[in-house]
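Show me how the following folds:
(chains A and B)
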Amino acid sequence: MKGVELKSGDLEGLFKGLLDKKVVDSLILPHRVGNNVAHMMVTDKDKVEPPVPAIFAPSFSVNAANVVKGWLIKEKIGIVAKPCEIRAAIELIKLKQMDKESVLLISVDCPGAFTNQDYADHAEEIGDWVDSAKIEELKGKGIAIREACEICDKRLADVGDIGIVRRDGDNVVVVGITDMGVEALSAIEDISLEDKDIDRSGEIEKIASEAKKKKDALPEISSVEALEEFLRDCIVCKNCRDMCPVCYCKECFFDQPLGNPVGGDLLNIAELRGAIAVPANQLMYHLTRVYHVSTTCVGCGACEDACPKDIPLTRLYPVITKKVQEIFEYVPGKDVEEPLPFTVYEEEELEDKLR
Amino acid sequence: MGEETTKKEEEEFEPKIVGFTCNWCTYAAADLAGTSRKKYPPNSRIIRLMCSARLDPMFVLKALLNGADGVFFSGCHPGECHYIKGNYYARRRIAAIRTILKQLGLDNRFKSYWISASEGEKFANTMKGLTEEIKELGPSPLRGKVL
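Next up, the predicted model:
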(Lines give C-alpha, C1' and ligand atoms only; values in the text may rest on other atoms or scores of the structure.)
Protein backbone atom coordinates (compact mmCIF):
# COMPACT_ATOMS: atom_id res chain seq x y z
CA MET A 1 0.00 0.00 0.00
CA LYS A 2 1.28 3.46 -0.90
CA GLY A 3 1.29 6.05 1.80
CA VAL A 4 3.06 8.86 3.55
CA GLU A 5 3.72 9.70 7.16
CA LEU A 6 2.80 13.23 8.19
CA LYS A 7 2.24 15.42 11.21
CA SER A 8 -1.45 16.09 11.69
CA GLY A 9 -0.78 19.77 11.03
CA ASP A 10 0.41 18.92 7.53
CA LEU A 11 -3.06 17.74 6.59
CA GLU A 12 -4.01 21.35 5.90
CA GLY A 13 -1.42 21.43 3.14
CA LEU A 14 -2.73 18.15 1.79
CA PHE A 15 -6.30 19.39 1.53
CA LYS A 16 -5.15 22.69 0.02
CA GLY A 17 -3.07 20.72 -2.47
CA LEU A 18 -6.05 18.64 -3.54
CA LEU A 19 -7.96 21.82 -4.36
CA ASP A 20 -4.95 23.64 -5.79
CA LYS A 21 -4.02 20.84 -8.17
CA LYS A 22 -7.65 20.51 -9.22
CA VAL A 23 -7.70 16.92 -8.05
CA VAL A 24 -11.08 17.85 -6.63
CA ASP A 25 -13.26 20.86 -7.33
CA SER A 26 -14.58 20.97 -3.80
CA LEU A 27 -14.04 19.33 -0.46
CA ILE A 28 -16.38 18.44 2.36
CA LEU A 29 -14.47 18.93 5.58
CA PRO A 30 -15.29 18.88 9.24
CA HIS A 31 -14.74 22.32 10.76
CA ARG A 32 -15.11 24.07 14.06
CA VAL A 33 -18.21 26.09 14.89
CA GLY A 34 -17.58 27.46 18.34
CA ASN A 35 -17.49 24.49 20.64
CA ASN A 36 -18.81 22.18 18.02
CA VAL A 37 -17.87 20.44 14.83
CA ALA A 38 -19.88 20.56 11.62
CA HIS A 39 -19.24 19.96 7.94
CA MET A 40 -18.34 22.60 5.41
CA MET A 41 -17.91 22.52 1.66
CA VAL A 42 -14.84 24.35 0.40
CA THR A 43 -13.90 25.29 -3.12
CA ASP A 44 -11.35 28.03 -2.37
CA LYS A 45 -8.10 26.63 -1.00
CA ASP A 46 -7.54 29.73 1.11
CA LYS A 47 -10.71 28.92 3.00
CA VAL A 48 -9.39 25.57 4.18
CA GLU A 49 -9.10 25.82 7.93
CA PRO A 50 -6.42 24.07 9.97
CA PRO A 51 -8.03 20.63 10.18
CA VAL A 52 -6.52 19.54 13.45
CA PRO A 53 -9.05 20.47 16.09
CA ALA A 54 -11.95 19.32 13.90
CA ILE A 55 -10.92 16.37 11.80
CA PHE A 56 -10.47 13.83 14.60
CA ALA A 57 -13.01 15.38 16.96
CA PRO A 58 -15.41 12.65 18.14
CA SER A 59 -18.61 14.43 17.21
CA PHE A 60 -21.33 13.24 14.85
CA SER A 61 -23.71 15.79 13.37
CA VAL A 62 -25.01 14.67 10.00
CA ASN A 63 -23.83 11.85 7.79
CA ALA A 64 -21.74 13.63 5.14
CA ALA A 65 -22.86 11.14 2.49
CA ASN A 66 -26.41 12.35 2.99
CA VAL A 67 -25.32 15.87 2.06
CA VAL A 68 -23.91 14.84 -1.29
CA LYS A 69 -26.55 12.25 -2.12
CA GLY A 70 -27.42 12.78 -5.79
CA TRP A 71 -23.97 14.11 -6.73
CA LEU A 72 -24.28 13.16 -10.40
CA ILE A 73 -22.35 16.04 -11.92
CA LYS A 74 -18.91 15.83 -13.49
CA GLU A 75 -17.23 18.17 -11.02
CA LYS A 76 -15.38 16.17 -8.45
CA ILE A 77 -16.00 16.36 -4.75
CA GLY A 78 -13.75 15.08 -2.00
CA ILE A 79 -15.36 13.90 1.22
CA VAL A 80 -13.27 13.82 4.37
CA ALA A 81 -15.33 11.92 6.90
CA LYS A 82 -15.69 9.08 9.34
CA PRO A 83 -15.63 5.51 8.00
CA CYS A 84 -19.40 5.11 8.40
CA GLU A 85 -20.00 8.17 6.25
CA ILE A 86 -17.60 6.90 3.61
CA ARG A 87 -19.26 3.49 3.65
CA ALA A 88 -22.64 5.15 3.14
CA ALA A 89 -21.17 7.05 0.18
CA ILE A 90 -19.95 3.77 -1.31
CA GLU A 91 -23.43 2.29 -0.99
CA LEU A 92 -24.84 5.39 -2.69
CA ILE A 93 -22.42 4.90 -5.58
CA LYS A 94 -23.69 1.34 -5.95
CA LEU A 95 -27.25 2.60 -5.79
CA LYS A 96 -26.38 5.00 -8.63
CA GLN A 97 -27.05 8.02 -6.45
CA MET A 98 -23.50 9.26 -6.81
CA ASP A 99 -21.03 9.06 -9.65
CA LYS A 100 -18.03 6.94 -8.78
CA GLU A 101 -15.71 9.05 -10.91
CA SER A 102 -16.76 12.33 -9.35
CA VAL A 103 -16.20 11.53 -5.70
CA LEU A 104 -12.92 11.11 -3.86
CA LEU A 105 -13.58 9.39 -0.57
CA ILE A 106 -11.20 10.11 2.29
CA SER A 107 -11.86 8.20 5.50
CA VAL A 108 -10.52 9.26 8.87
CA ASP A 109 -9.93 6.99 11.88
CA CYS A 110 -12.80 7.23 14.30
CA PRO A 111 -12.69 6.28 17.97
CA GLY A 112 -16.47 6.43 18.25
CA ALA A 113 -18.36 9.70 18.46
CA PHE A 114 -20.62 11.67 20.75
CA THR A 115 -23.78 13.33 19.47
CA ASN A 116 -22.89 16.84 18.49
CA GLN A 117 -25.01 18.19 21.37
CA ASP A 118 -23.09 16.09 23.90
CA TYR A 119 -19.82 17.07 22.30
CA ALA A 120 -20.59 20.77 22.40
CA ASP A 121 -21.71 20.57 26.03
CA HIS A 122 -18.52 18.81 27.12
CA ALA A 123 -16.06 19.93 24.45
CA GLU A 124 -13.36 20.83 26.96
CA GLU A 125 -13.46 17.52 28.77
CA ILE A 126 -13.63 15.48 25.57
CA GLY A 127 -11.04 17.37 23.56
CA ASP A 128 -9.98 16.84 19.96
CA TRP A 129 -9.41 13.13 20.14
CA VAL A 130 -10.32 10.29 22.47
CA ASP A 131 -9.01 6.75 22.83
CA SER A 132 -10.83 3.80 24.34
CA ALA A 133 -9.47 4.52 27.84
CA LYS A 134 -10.69 8.10 27.66
CA ILE A 135 -14.09 6.94 26.40
CA GLU A 136 -14.43 4.68 29.46
CA GLU A 137 -13.33 7.48 31.75
CA LEU A 138 -15.88 9.88 30.27
CA LYS A 139 -18.57 7.22 30.48
CA GLY A 140 -17.90 7.13 34.22
CA LYS A 141 -18.74 10.81 34.28
CA GLY A 142 -21.98 10.17 32.43
CA ILE A 143 -20.75 11.34 29.03
CA ALA A 144 -21.22 8.38 26.71
CA ILE A 145 -20.56 7.90 23.02
CA ARG A 146 -23.49 7.19 20.75
CA GLU A 147 -24.93 3.70 20.97
CA ALA A 148 -24.38 3.27 17.23
CA CYS A 149 -20.67 3.92 17.78
CA GLU A 150 -20.48 1.55 20.74
CA ILE A 151 -21.70 -1.34 18.62
CA CYS A 152 -19.74 -0.27 15.51
CA ASP A 153 -17.02 -2.70 14.51
CA LYS A 154 -15.63 -0.80 11.52
CA ARG A 155 -14.11 2.40 12.81
CA LEU A 156 -10.79 2.30 11.03
CA ALA A 157 -9.88 4.38 8.03
CA ASP A 158 -9.59 1.46 5.63
CA VAL A 159 -12.43 2.32 3.28
CA GLY A 160 -12.74 4.78 0.43
CA ASP A 161 -9.96 6.02 -1.81
CA ILE A 162 -7.68 7.51 0.82
CA GLY A 163 -7.36 6.68 4.51
CA ILE A 164 -6.06 8.98 7.22
CA VAL A 165 -4.70 6.74 9.95
CA ARG A 166 -4.03 8.18 13.34
CA ARG A 167 -0.76 7.18 14.97
CA ASP A 168 0.78 7.98 18.34
CA GLY A 169 0.96 11.59 19.35
CA ASP A 170 0.80 13.96 16.48
CA ASN A 171 1.56 11.55 13.70
CA VAL A 172 -0.76 10.45 10.95
CA VAL A 173 -0.30 8.13 8.03
CA VAL A 174 -2.12 8.97 4.83
CA VAL A 175 -2.58 5.96 2.57
CA GLY A 176 -3.93 5.61 -0.91
CA ILE A 177 -6.37 2.71 -0.85
CA THR A 178 -7.55 2.71 -4.46
CA ASP A 179 -5.78 3.73 -7.65
CA MET A 180 -7.78 6.92 -7.66
CA GLY A 181 -6.56 7.68 -4.16
CA VAL A 182 -2.93 7.01 -4.99
CA GLU A 183 -3.22 9.20 -8.07
CA ALA A 184 -4.77 11.99 -6.05
CA LEU A 185 -1.97 11.87 -3.49
CA SER A 186 0.73 11.71 -6.16
CA ALA A 187 -0.59 14.91 -7.68
CA ILE A 188 0.43 16.87 -4.60
CA GLU A 189 4.00 18.15 -4.81
CA ASP A 190 4.97 18.16 -1.13
CA ILE A 191 4.07 14.54 -0.73
CA SER A 192 6.30 11.69 -1.76
CA LEU A 193 4.61 8.34 -1.49
CA GLU A 194 6.44 5.32 -0.18
CA ASP A 195 5.39 1.75 0.38
CA LYS A 196 3.63 1.57 3.70
CA ASP A 197 2.79 -1.73 5.22
CA ILE A 198 0.10 -1.14 7.75
CA ASP A 199 -1.17 -4.18 9.54
CA ARG A 200 -4.06 -3.34 11.78
CA SER A 201 -5.66 -6.76 12.04
CA GLY A 202 -5.03 -6.87 15.80
CA GLU A 203 -6.75 -3.53 16.24
CA ILE A 204 -9.65 -4.60 14.03
CA GLU A 205 -10.19 -7.77 16.05
CA LYS A 206 -10.10 -5.90 19.34
CA ILE A 207 -12.66 -3.35 18.15
CA ALA A 208 -14.88 -6.07 16.72
CA SER A 209 -14.89 -8.15 19.89
CA GLU A 210 -15.64 -5.13 22.10
CA ALA A 211 -18.37 -4.00 19.73
CA LYS A 212 -19.93 -7.43 19.74
CA LYS A 213 -19.99 -7.49 23.51
CA LYS A 214 -21.77 -4.13 23.59
CA LYS A 215 -24.17 -5.23 20.91
CA ASP A 216 -25.10 -8.44 22.67
CA ALA A 217 -25.82 -6.44 25.81
CA LEU A 218 -28.42 -4.27 24.06
CA PRO A 219 -32.05 -5.05 24.80
CA GLU A 220 -33.45 -6.97 21.86
CA ILE A 221 -36.69 -6.32 20.03
CA SER A 222 -37.91 -9.86 19.76
CA SER A 223 -41.65 -9.70 19.15
CA VAL A 224 -44.26 -7.54 17.50
CA GLU A 225 -45.46 -6.46 20.92
CA ALA A 226 -41.93 -5.39 21.80
CA LEU A 227 -41.67 -3.44 18.57
CA GLU A 228 -44.98 -1.71 19.27
CA GLU A 229 -43.77 -0.75 22.72
CA PHE A 230 -40.42 0.35 21.29
CA LEU A 231 -42.14 2.64 18.79
CA ARG A 232 -44.76 3.85 21.23
CA ASP A 233 -43.56 7.46 21.08
CA CYS A 234 -43.02 7.57 17.32
CA ILE A 235 -44.88 10.46 15.71
CA VAL A 236 -44.07 9.33 12.14
CA CYS A 237 -42.24 12.58 11.41
CA LYS A 238 -39.96 10.61 9.08
CA ASN A 239 -36.85 12.44 10.23
CA CYS A 240 -35.08 9.09 10.48
CA ARG A 241 -35.72 8.59 6.80
CA ASP A 242 -34.60 12.08 5.83
CA MET A 243 -31.35 11.81 7.75
CA CYS A 244 -30.61 8.26 6.63
CA PRO A 245 -27.86 8.38 4.02
CA VAL A 246 -28.99 5.21 2.26
CA CYS A 247 -32.75 5.94 2.18
CA TYR A 248 -32.74 7.55 -1.22
CA CYS A 249 -36.08 7.28 -3.06
CA LYS A 250 -36.98 10.56 -4.72
CA GLU A 251 -40.60 9.99 -3.89
CA CYS A 252 -41.05 8.02 -0.72
CA PHE A 253 -44.00 5.65 -0.57
CA PHE A 254 -44.93 7.21 2.74
CA ASP A 255 -45.29 10.66 1.18
CA GLN A 256 -47.81 9.34 -1.31
CA PRO A 257 -51.55 8.81 -0.85
CA LEU A 258 -51.27 5.06 -0.14
CA GLY A 259 -48.55 5.49 2.43
CA ASN A 260 -49.76 8.74 3.87
CA PRO A 261 -53.54 8.62 3.64
CA VAL A 262 -55.47 11.82 4.23
CA GLY A 263 -59.15 12.76 4.25
CA GLY A 264 -61.40 10.17 2.64
CA ASP A 265 -58.55 7.67 2.26
CA LEU A 266 -57.87 7.79 5.96
CA LEU A 267 -61.55 7.41 6.77
CA ASN A 268 -61.80 4.40 4.45
CA ILE A 269 -58.95 2.65 6.22
CA ALA A 270 -60.45 3.43 9.60
CA GLU A 271 -63.81 2.05 8.45
CA LEU A 272 -62.16 -1.09 7.17
CA ARG A 273 -60.59 -1.87 10.53
CA GLY A 274 -62.97 -0.14 12.92
CA ALA A 275 -60.15 1.69 14.61
CA ILE A 276 -56.65 2.63 13.53
CA ALA A 277 -53.77 4.42 15.15
CA VAL A 278 -53.05 7.88 13.79
CA PRO A 279 -50.77 9.14 12.36
CA ALA A 280 -51.37 6.05 10.23
CA ASN A 281 -48.87 3.42 9.14
CA GLN A 282 -46.42 3.76 12.01
CA LEU A 283 -45.39 0.10 12.15
CA MET A 284 -45.64 -0.28 8.39
CA TYR A 285 -43.37 2.73 7.92
CA HIS A 286 -40.61 1.41 10.16
CA LEU A 287 -40.79 -2.18 8.95
CA THR A 288 -40.73 -1.05 5.34
CA ARG A 289 -37.72 1.09 6.07
CA VAL A 290 -35.99 -1.80 7.80
CA TYR A 291 -36.52 -3.84 4.65
CA HIS A 292 -35.52 -1.06 2.27
CA VAL A 293 -32.21 -0.43 4.03
CA SER A 294 -31.75 -4.08 4.95
CA THR A 295 -28.67 -4.60 2.81
CA THR A 296 -27.31 -1.07 2.74
CA CYS A 297 -27.59 0.16 6.35
CA VAL A 298 -24.10 1.10 7.49
CA GLY A 299 -25.16 1.54 11.10
CA CYS A 300 -24.13 5.19 11.39
CA GLY A 301 -26.93 5.97 13.83
CA ALA A 302 -28.04 9.15 12.05
CA CYS A 303 -31.64 7.92 12.41
CA GLU A 304 -31.38 7.83 16.19
CA ASP A 305 -29.79 11.28 16.32
CA ALA A 306 -32.59 12.64 14.14
CA CYS A 307 -35.41 11.26 16.26
CA PRO A 308 -37.13 14.10 18.10
CA LYS A 309 -38.68 11.61 20.51
CA ASP A 310 -35.35 10.03 21.46
CA ILE A 311 -36.31 6.55 20.33
CA PRO A 312 -33.07 4.52 20.34
CA LEU A 313 -33.42 3.53 16.69
CA THR A 314 -29.95 1.96 16.67
CA ARG A 315 -31.54 -1.00 18.40
CA LEU A 316 -33.89 -1.37 15.44
CA TYR A 317 -32.16 -0.50 12.16
CA PRO A 318 -28.50 -1.55 12.39
CA VAL A 319 -29.30 -4.52 14.62
CA ILE A 320 -31.99 -6.11 12.44
CA THR A 321 -30.43 -5.21 9.09
CA LYS A 322 -27.18 -6.83 10.15
CA LYS A 323 -29.01 -10.16 10.30
CA VAL A 324 -30.14 -9.72 6.70
CA GLN A 325 -26.63 -8.73 5.64
CA GLU A 326 -25.32 -11.87 7.28
CA ILE A 327 -27.45 -14.21 5.17
CA PHE A 328 -26.01 -12.62 2.02
CA GLU A 329 -22.53 -12.39 3.57
CA TYR A 330 -22.59 -8.75 2.57
CA VAL A 331 -20.84 -5.91 4.33
CA PRO A 332 -22.22 -2.56 3.16
CA GLY A 333 -19.58 -0.10 2.02
CA LYS A 334 -16.77 -2.62 2.01
CA ASP A 335 -16.11 -2.71 -1.70
CA VAL A 336 -17.51 -0.46 -4.39
CA GLU A 337 -17.24 -3.24 -6.98
CA GLU A 338 -19.23 -5.79 -4.98
CA PRO A 339 -22.80 -5.90 -6.32
CA LEU A 340 -25.80 -5.18 -4.11
CA PRO A 341 -27.35 -8.46 -2.90
CA PHE A 342 -30.76 -7.76 -4.45
CA THR A 343 -29.27 -7.21 -7.90
CA VAL A 344 -27.66 -10.63 -8.22
CA TYR A 345 -28.46 -14.24 -7.40
CA GLU A 346 -27.07 -17.73 -7.31
CA GLU A 347 -28.97 -20.56 -8.89
CA GLU A 348 -28.88 -22.62 -5.74
CA GLU A 349 -29.12 -20.77 -2.48
CA LEU A 350 -31.23 -19.75 0.50
CA GLU A 351 -33.76 -22.59 0.29
CA ASP A 352 -33.56 -23.05 4.06
CA LYS A 353 -34.57 -19.42 4.57
CA LEU A 354 -37.89 -19.65 2.72
CA ARG A 355 -40.20 -21.73 4.87
CA MET B 1 -66.15 -33.60 27.19
CA GLY B 2 -63.01 -31.51 27.66
CA GLU B 3 -61.62 -32.84 24.46
CA GLU B 4 -64.78 -31.93 22.64
CA THR B 5 -64.68 -28.30 23.75
CA THR B 6 -61.11 -27.87 22.59
CA LYS B 7 -62.02 -29.38 19.30
CA LYS B 8 -64.95 -27.02 19.00
CA GLU B 9 -62.77 -24.03 19.81
CA GLU B 10 -60.29 -25.08 17.19
CA GLU B 11 -63.06 -25.38 14.67
CA GLU B 12 -64.25 -21.92 15.46
CA PHE B 13 -60.96 -20.36 14.42
CA GLU B 14 -60.89 -20.13 10.68
CA PRO B 15 -57.64 -18.44 9.70
CA LYS B 16 -57.50 -15.84 7.00
CA ILE B 17 -54.61 -16.55 4.69
CA VAL B 18 -53.46 -14.22 1.95
CA GLY B 19 -51.59 -15.82 -0.92
CA PHE B 20 -49.50 -14.27 -3.63
CA THR B 21 -49.03 -16.55 -6.59
CA CYS B 22 -47.38 -16.33 -9.96
CA ASN B 23 -49.68 -16.28 -12.97
CA TRP B 24 -47.64 -18.85 -14.89
CA CYS B 25 -47.41 -21.60 -12.34
CA THR B 26 -49.12 -21.66 -8.98
CA TYR B 27 -52.14 -19.70 -10.15
CA ALA B 28 -52.61 -22.29 -12.89
CA ALA B 29 -51.96 -25.05 -10.35
CA ALA B 30 -54.77 -23.66 -8.21
CA ASP B 31 -56.94 -23.72 -11.29
CA LEU B 32 -55.94 -27.29 -11.99
CA ALA B 33 -56.69 -28.28 -8.41
CA GLY B 34 -60.15 -26.79 -8.91
CA THR B 35 -60.89 -28.43 -12.25
CA SER B 36 -59.60 -31.77 -10.97
CA ARG B 37 -62.00 -31.40 -8.02
CA LYS B 38 -59.27 -31.65 -5.42
CA LYS B 39 -60.55 -30.54 -2.07
CA TYR B 40 -58.64 -28.06 0.02
CA PRO B 41 -59.61 -25.63 2.80
CA PRO B 42 -61.14 -22.39 1.59
CA ASN B 43 -59.14 -20.18 3.97
CA SER B 44 -56.77 -18.67 1.46
CA ARG B 45 -57.43 -15.63 -0.68
CA ILE B 46 -55.18 -15.69 -3.68
CA ILE B 47 -53.79 -12.61 -5.34
CA ARG B 48 -52.36 -13.20 -8.78
CA LEU B 49 -49.03 -11.67 -9.70
CA MET B 50 -47.52 -11.76 -13.17
CA CYS B 51 -44.25 -13.07 -11.75
CA SER B 52 -42.67 -14.00 -8.42
CA ALA B 53 -40.48 -10.94 -8.77
CA ARG B 54 -43.61 -8.77 -8.56
CA LEU B 55 -43.85 -9.72 -4.91
CA ASP B 56 -42.86 -6.58 -3.09
CA PRO B 57 -42.12 -7.61 0.51
CA MET B 58 -44.27 -4.65 1.51
CA PHE B 59 -47.28 -6.72 0.36
CA VAL B 60 -46.39 -9.28 2.99
CA LEU B 61 -45.93 -6.65 5.68
CA LYS B 62 -49.21 -5.01 4.81
CA ALA B 63 -51.12 -8.27 4.86
CA LEU B 64 -49.68 -9.21 8.24
CA LEU B 65 -50.19 -5.76 9.77
CA ASN B 66 -53.77 -5.76 8.55
CA GLY B 67 -54.38 -8.90 10.53
CA ALA B 68 -53.88 -11.78 8.12
CA ASP B 69 -53.25 -14.94 10.14
CA GLY B 70 -50.99 -16.29 7.47
CA VAL B 71 -49.41 -15.19 4.23
CA PHE B 72 -47.94 -17.39 1.57
CA PHE B 73 -46.16 -16.90 -1.65
CA SER B 74 -45.77 -19.42 -4.41
CA GLY B 75 -43.95 -19.26 -7.72
CA CYS B 76 -42.27 -21.34 -10.37
CA HIS B 77 -39.50 -23.72 -9.34
CA PRO B 78 -36.08 -22.09 -9.49
CA GLY B 79 -34.82 -22.43 -13.04
CA GLU B 80 -38.33 -22.56 -14.49
CA CYS B 81 -39.34 -18.91 -14.33
CA HIS B 82 -41.46 -17.77 -17.27
CA TYR B 83 -39.28 -14.66 -17.37
CA ILE B 84 -36.12 -16.72 -16.84
CA LYS B 85 -34.83 -15.26 -13.57
CA GLY B 86 -37.67 -13.50 -11.76
CA ASN B 87 -37.95 -16.12 -9.05
CA TYR B 88 -34.22 -15.92 -8.27
CA TYR B 89 -34.59 -12.27 -7.38
CA ALA B 90 -37.80 -13.01 -5.50
CA ARG B 91 -36.03 -15.67 -3.47
CA ARG B 92 -33.47 -13.17 -2.20
CA ARG B 93 -36.18 -10.69 -1.22
CA ILE B 94 -38.20 -13.35 0.52
CA ALA B 95 -35.16 -14.52 2.46
CA ALA B 96 -34.56 -10.91 3.56
CA ILE B 97 -38.12 -10.18 4.66
CA ARG B 98 -38.35 -13.51 6.46
CA THR B 99 -35.20 -12.67 8.37
CA ILE B 100 -36.83 -9.44 9.51
CA LEU B 101 -40.08 -11.22 10.38
CA LYS B 102 -38.14 -13.88 12.25
CA GLN B 103 -36.80 -11.21 14.57
CA LEU B 104 -40.41 -10.32 15.39
CA GLY B 105 -41.54 -13.91 15.72
CA LEU B 106 -43.78 -13.63 12.66
CA ASP B 107 -41.79 -15.77 10.26
CA ASN B 108 -43.91 -18.83 10.94
CA ARG B 109 -46.86 -16.92 9.45
CA PHE B 110 -45.17 -16.31 6.12
CA LYS B 111 -44.35 -19.33 4.00
CA SER B 112 -43.21 -19.66 0.46
CA TYR B 113 -43.36 -22.52 -1.98
CA TRP B 114 -42.45 -23.47 -5.50
CA ILE B 115 -45.43 -25.08 -7.25
CA SER B 116 -45.56 -25.53 -11.02
CA ALA B 117 -48.65 -25.36 -13.22
CA SER B 118 -48.97 -29.13 -13.39
CA GLU B 119 -48.84 -29.65 -9.64
CA GLY B 120 -52.52 -29.20 -8.83
CA GLU B 121 -52.39 -31.92 -6.23
CA LYS B 122 -49.32 -30.43 -4.58
CA PHE B 123 -51.12 -27.11 -4.40
CA ALA B 124 -54.14 -28.68 -2.72
CA ASN B 125 -51.96 -30.55 -0.24
CA THR B 126 -49.87 -27.47 0.47
CA MET B 127 -53.00 -25.49 1.24
CA LYS B 128 -54.20 -28.23 3.55
CA GLY B 129 -50.90 -28.30 5.37
CA LEU B 130 -50.62 -24.53 5.60
CA THR B 131 -54.13 -24.09 6.92
CA GLU B 132 -53.47 -26.74 9.57
CA GLU B 133 -50.25 -25.05 10.58
CA ILE B 134 -51.83 -21.62 10.89
CA LYS B 135 -54.76 -23.08 12.79
CA GLU B 136 -52.34 -24.53 15.28
CA LEU B 137 -50.59 -21.20 15.64
CA GLY B 138 -53.91 -19.54 16.39
CA PRO B 139 -55.02 -16.04 15.45
CA SER B 140 -52.38 -13.50 14.51
CA PRO B 141 -51.21 -11.32 17.40
CA LEU B 142 -51.90 -8.35 15.15
CA ARG B 143 -55.51 -9.30 14.46
CA GLY B 144 -57.96 -6.68 15.68
CA LYS B 145 -55.22 -4.48 17.08
CA VAL B 146 -55.40 -0.74 16.78
CA LEU B 147 -52.42 -0.25 14.48
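
Tell me the residues of the stretch 151-300 of chain A that contact chain B?
Proximity of the stretch 151-300 of chain A to chain B (C-beta under 8 Å from any C-beta of the partner chain) is limited to residues A:221-227, A:253, A:273, A:275-277, A:282-284, A:287-288, A:290-291, A:294-295. (Each C-beta comes from the backbone N, C-alpha and C, glycine too.)

how about 10 Å then?
Counting by C-beta under 10 Å from any C-beta of the partner chain, the residues of the stretch 151-300 of chain A close to chain B are A:220-228, A:253, A:258-259, A:269, A:272-278, A:280-284, A:287-288, A:290-292, A:294-295.

Just the buried residues of those residues.
For these, a neighbour count by 16 or more other C-beta atoms under 10 Å in any protein chain shown gives the buried set as A:221, A:224, A:227-228, A:253, A:259, A:269, A:276, A:280-284, A:287-288, A:290-292, A:294-295.

biggest helix in chain A by residues?
Counting residues, the longest helix in chain A under DSSP state H turns out to be helix A:201-217.

Could you find the closest non-adjacent residue to the residue of the stretch 201-350 of chain A found nearest chain B?
When distances are taken as C-beta to the nearest C-beta, the stretch 201-350 of chain A reaches nearest to chain B at residue A:345, 3.7 Å away. With sequence-adjacent residues excluded and distances taken as C-beta to C-beta, 6 or more residues apart in numbering or on different chains, residue A:345 is closest to residue B:88, at 3.7 Å.

Where does pLDDT dip in chain B?
Chain B contains residues with pLDDT under 70 at B:1-11.

the helices in it, which residues?
Read by DSSP H, chain B holds these helices, from start to end of the chain: B:2-12, B:26-35, B:57-65, B:86-103, B:120-137.

which SS state does residue A:106 fall under?
strand (DSSP: H, G, I helix; E, B strand; the rest coil).

State the helix or strand in which residue A:133 lies.
helix A:132-140 (DSSP states H and E).

Could I get the contacting residues of the nearest residue to residue A:94 once chain neighbours are set aside?
Nearest-residue entry for residue A:94: residue A:340, 5.4 Å, with adjacent residues in sequence omitted and distances by C-beta to C-beta, 6+ apart. Remark: with contacts taken as C-beta atoms under 10 Å, 6 or more residues apart in numbering or on different chains, residue A:340 is in contact with A:91, A:94-95, A:295-296, A:328, A:330, A:332.

Select, from those residues, the two members most distant in space.
Considering C-beta to C-beta, no two members of the contacts of residue A:340 lie farther apart than A:95 and A:328, which are separated by 15.6 Å.

circling back to that earlier point, any chance of the helices of chain B in TSV, plus mean neighbour count?
Written out in TSV, the entries for those read as follows (neighbours: other C-beta atoms under 10 Å in any protein chain shown):
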stretch	mean neighbour count
helix B:2-12	9
helix B:26-35	20
helix B:57-65	21
helix B:86-103	22
helix B:120-137	19
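
For residue A:188, find the nearest of those.
Taking the helices of chain B one by one with C-beta to C-beta, helix B:86-103 is closest: 43.4 Å.

which other helices and strands contact the closest one?
Using 3 or more C-beta pairs under 10 Å, 6 or more residues apart in numbering or on different chains; DSSP states H and E as the contact criterion, the elements in contact with helix B:86-103 are helix A:224-230, helix A:282-292, helix A:317-327, strand B:17-22, helix B:57-65, strand B:70-75, strand B:110-114.

so what's the residue nearest to residue A:75 when sequence neighbours are not counted up against?
Leaving out its chain neighbours, the residue that sits closest to residue A:75 by C-beta to C-beta, 6+ apart is residue A:25, at 4.2 Å. Applying C-beta under 10 Å, 6+ apart to residue A:25 gives the contacts A:18-19, A:43, A:73-78, A:102.
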